[in-house]
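[1] Could you work out the structure for the sequence below:
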Amino acid sequence: MSESARDTVLAPLDARMADLESFYEDLHRHPELGFQETRTAAEAARRLTSYGYEVTTGIGRTGVVGVLRNGPGPVVLLRADMDALPVTERSGLPYASAVPGVMHACGHDVHVTCLAGAADLLAAGRDHWSGTLVVLFQPAEEVGDGARAMIEDGLFGAAAAGSGGAAEGLGGAADGSGGGAGGKGRVPTPDVVLAQHVAPLGAGLISYAPGACMAASDSLKITFHGTGGHGSRPETAVDPIVMAAAFVQRLQSVVAREVAPKDRAVITVGSFQAGDAPNVIPDQAVVQLSVRTFDEDVRGRVLAAIDRIAKAEAAASDASREPKTEVLNTFPVTRNDDRTLERVNAAFTDHFGAQRLFGYEPAAGSEDAGLLATAAGAPLYYWWLGGWEPGEFRAAMASGRLAQDIPSNHSPHFTPVKQPTLTMGVQALTVAALSHLEPGGR
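    Next comes the predicted model:
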């Protein structure tokens, strides 16, 4: 697409920005947890309908999709997630969350606002492009179930074989691979999937990572079974606290001694629950942990090691039962397609300038946007949108205090600045879509 045509499509943004900022503040003030995003979904649907999209609601419970058919050409899918987190906001903003214990601490309110803005611009500028645009507002990304729920609800037809279901056991985690969906879907199957995520980087910047850009994640719940008894007579009991504590300690050796230095893995124990009284040995202890990896072979070996250590510690304590392991959720590796990345980055560079775009290390966080691309058999490009006040970011970087001074996603203080974050985010989605749609209109 020519620069002049692209600029024409983007031109109305300034006039629409006041409304988008108000929309953003409203979303931030009224966050909703996964699969509860009814208010957010209703407003997204209302806006898409007013822009002229064919709108379908209730896909995967609360998902919303708009389709704009605009002549021959490729099908481009733009995706934003809608859900908030069970976090109490401590930002002090005038539009801080009004919902106790719930906050948009990961910036999904930014994502929804930017996608609504891009959908508006692309619909208004349809005389300058040809193809089909699919705009998708996804629920429940934070728990890893939203994309899967929409796929299994017939988004692209019969659910793809590799839609990334939860692993049956440790060492056998699904990798999200597999063929595309069969049968008629509720929306056209896309030729490319594009998405972005706001990050604690300077607002006005876009960062990216080729290949594996975000980690696979497996969240596990392991229950150790012992034999309860009186604290004064430990010889009559099998103490699950000692068993589970030894397991947690031994876990620290997995990455240090079983993963090669060239590979990356993270194991974090986030919850340890056992007992109710100081003088009672309980009959079970429950450990919840998160595993992050970037390679399927490493992932399988780490999960197998966790399983092996849990069983070994139970055996060492002479437990009568093996530990029970449950997979709470699982995300595949988010992998960027090289050709799509190059194509979109060329458009970003042409529009924003090379100084706004830079490569970044793969993130140990996880995402389920890749499931949409896998189910469609389409390439994915997923980039990071800077959202922090630029001066503060530059100062923290210069002093080597990024980790200490700039709140990360999921922090109760993570509140992206409205500008230039929203303007940049709307433009990025619009420019990325136009880089794949055909020039010209209906």
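
[2] A helix includes residue 404, no?
    Yes: secondary structure of residue 404, determined by DSSP: H, G, I helix; E, B strand; the rest coil: located in a helix.

[3] And for it, the neighbour number?
    Using other Cβ atoms under 10 Å, residue 404 has 9 neighbouring residues. Just so you know, the C-beta spots here come from the backbone N, C-alpha and C atoms, and that holds for glycine as well.

[4] How about it, nearest residue that isn't a chain neighbour?
    Spatially, and ignoring its direct neighbours in sequence, residue 404 is nearest to residue 396 (7.7 Å; Cβ to Cβ, 6 or more residues apart in numbering).

[5] Backbone torsions only: list them for that neighbour.
    Dihedral pair for residue 396: phi -70, psi -40, per degrees, to the nearest 10.

[6] my guess is residue 87 meets residue 409, correct?
    No: Residue 87 is beyond contact range of residue 409, at 10.4 Å (criterion: Cβ atoms under 8 Å).

[7] list the residues that contact both of the two?
    The contact sets of residue 87 and residue 409 overlap at residue 105 (Cβ atoms under 8 Å, 6 or more residues apart in numbering).

[8] Just give the closest residue to residue 31, not the sequence neighbours.
    Take residue 31 and drop its neighbours on the chain: the residue closest to it by Cβ to Cβ, 6+ apart is residue 84, 3.3 Å away.

[9] can you count the residues close to the one you found?
    Applying other Cβ under 10 Å, we find 28 other residues in the vicinity of residue 84.

[10] for the one 10 residues further on, same thing?
    Here the neighbour count serves as a burial measure; for residue 94 (other Cβ under 10 Å) it reads 7.

[11] now do residue 383
    Counted with other Cβ under 10 Å, residue 383 comes out at 24.

[12] show me the residues around it that make contact.
    196, 197, 206, 207, 208, 344, 428.

[13] which two in these are spaced the farthest apart?
    The largest separation in the contacts of residue 383, counting by Cβ to Cβ, is between 197 and 344 at 14.7 Å.

[14] if we can go back for a sec, tell me which of the contacts of residue 383 is nearest to residue 7?
    Nearest to residue 7 among the contacts of residue 383, with distances taken as Cβ to Cβ, is residue 428, at 14.8 Å.

[15] buried residues in the helix or strand hosting that closest one?
    Assigned by DSSP states H and E, residue 428 falls within helix 421-434. Neighbour counts over helix 421-434 (16 or more other Cβ atoms under 10 Å) mark 421-434 as buried.

[16] just checking, residue 437 touches residue 131?
    Yes: the pair residue 437 / residue 131 is scored as a contact, 4.3 Å apart, by Cβ under 8 Å.

[17] Please name the residues that touch the residue positioned nearest the centre of the chain.
    Residue closest to the mean C-alpha point of the chain, counted by Cα atoms, centre = their mean, is residue 367 at 3.2 Å. Going by Cβ under 8 Å, 6+ apart, residue 367 touches 141, 197, 214, 331, 334, 382.

[18] One more: residue 366?
    144, 214, 215, 216, 217, 292, 331, 334.

[19] And for residue 103?
    The contact partners of residue 103, taken as Cβ under 8 Å, 6+ apart, are 31, 84, 85, 87, 88, 89, 97, 412.

[20] would you say the fourth one is within a helix?
    No: counting by three-state DSSP, residue 87 is located in no helix; its state is coil.

[21] Can you report phi and psi for it?
    phi -130, psi 140.

[22] now swap in the second one and tell me
    Geometry field for residue 84 lists phi and psi as phi -100, psi -170, criterion degrees, to the nearest 10.

[23] Return the distance of it relative to residue 218.
    23 Å (Cβ to Cβ, to the nearest Å).

[24] do the same with residue 284
    Remark: distance between residue 284 and residue 218 (Cβ to Cβ) = 22 Å.

[25] Looking at those two now, which is surrounded by more residues?
    The residue with more neighbours, out of residue 284 and residue 218, is residue 218; 27 against 20, by other Cβ under 10 Å.

[26] Can you name the next helix or strand after the helix or strand in which residue 26 is found?
    Take DSSP H and E as the rule and residue 26 turns out to sit in helix 13-29. Heading C-terminal from helix 13-29, the first helix or strand you meet, by DSSP H and E, is helix 38-51.

[27] So what's the gap between that next one and the chain middle?
    Counting by Cα atoms, centre = their mean, to the nearest Å, helix 38-51 is centred 21 Å from the centre of its parent chain.

[28] and it with helix 13-29, angle?
    Orientation check (axes from the mean of the first three to the mean of the last three Cα atoms, to 10 degrees): helix 38-51 against helix 13-29 gives 160 degrees.

[29] just checking, what packs against helix 38-51?
    helix 13-29, strand 54-59, strand 63-70, helix 108-124, strand 129-138 (3 or more Cβ pairs under 8 Å, 6 or more residues apart in numbering; DSSP states H and E).

[30] So which bits of it are buried?
    Across helix 38-51, burial judged by 16+ other Cβ under 10 Å covers 40, 41, 43, 44, 45, 47, 48, 51.

[31] Hmm, residue 80 is touching residue 112, no?
    Yes: judged on Cβ under 8 Å, residue 80 makes contact with residue 112 at a distance of 5.2 Å.

[32] which residues are common contacts for those two?
    residue 137.

[33] re the thing from before, distance-wise, check the residue nearest to the centre of the chain relative to residue 193.
    When distance is defined by Cβ to Cβ, residue 367 is 12 Å away from residue 193.

[34] same thing with residue 128?
    Taking Cβ to Cβ, one finds residue 128 at 22 Å from residue 193.

[35] Let me know how buried residue 403 is, in neighbour terms.
    9.

[36] Then residue 95?
    18.

[37] My guess is it contacts residue 25. True?
    Yes: the pair residue 95 and residue 25 passes the contact test of Cβ under 8 Å, sitting 4.0 Å apart.

[38] Residue 223 versus the residue lying closest to residue 236 once chain neighbours are set aside, what's the distance?
    Of all residues not flanking residue 236 in the chain, residue 229 sits nearest, at 4.7 Å (Cβ to Cβ, 6+ apart). As defined by Cβ to Cβ, residue 229 lies at a distance of 18 Å from residue 223.
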